[in-house]
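Colleague: I would like to see how this sequence folds:
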Amino acid sequence: MEFLFRQGRYYLERLRAKFSQDDGMGTVEVILIIVVLIGLVIVFKEQISGLVEDVFKTITDKKNVVTG
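Modeller: Sure thing, here's the model as predicted:
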């Protein structure tokens with residue numbers, strides 16, 4: 001019976017250790033992702049602004065369909 005208690009404690013400690021690890025995204029990773037996104041926006045600035053203008057133009061042209 002003592003063996004079962006020791007085994008249970010062993011697996012419980014391993015489970016606690018597994019879930020208490022601080023693996024996750026750190027500050028450096030988040031900063032790198034933000035830098036990449038800013039770079040993409042800078043590279044594709046004209047295409048993005050053209051797309052946004054087209055979307056807003058379509059919305060304003062079609063507003064009468066929705067409002068009657």
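Colleague: List the contacts of residue 48.
Modeller: Contacts of residue 48 were listed using C-beta atoms under 8 Å, 6 or more residues apart in numbering, and they are residue 41. From N, CA and C alone the C-beta is placed, and that goes for glycine too.
Colleague: repeat that for 10 Å
Modeller: 40, 41 (C-beta atoms under 10 Å, 6 or more residues apart in numbering).
Colleague: do you know how far residue 13 is from residue 58?
Modeller: Relative to residue 58, residue 13 is positioned 60 Å away (C-beta to C-beta, to the nearest Å).
Colleague: er, residue 67 I mean
Modeller: Look at residue 67 and residue 58: by C-beta to C-beta, they are 15 Å apart.
Colleague: Which one's more surrounded, those two?
Modeller: Shown here are residue 67 and residue 58; by other C-beta atoms under 10 Å, residue 58 has more neighbours (10 against 6).
Colleague: how much space between the more buried one and residue 65?
Modeller: 11 Å.
Colleague: One more: residue 39?
Modeller: Per C-beta to C-beta, residue 39 is found 39 Å from residue 65.
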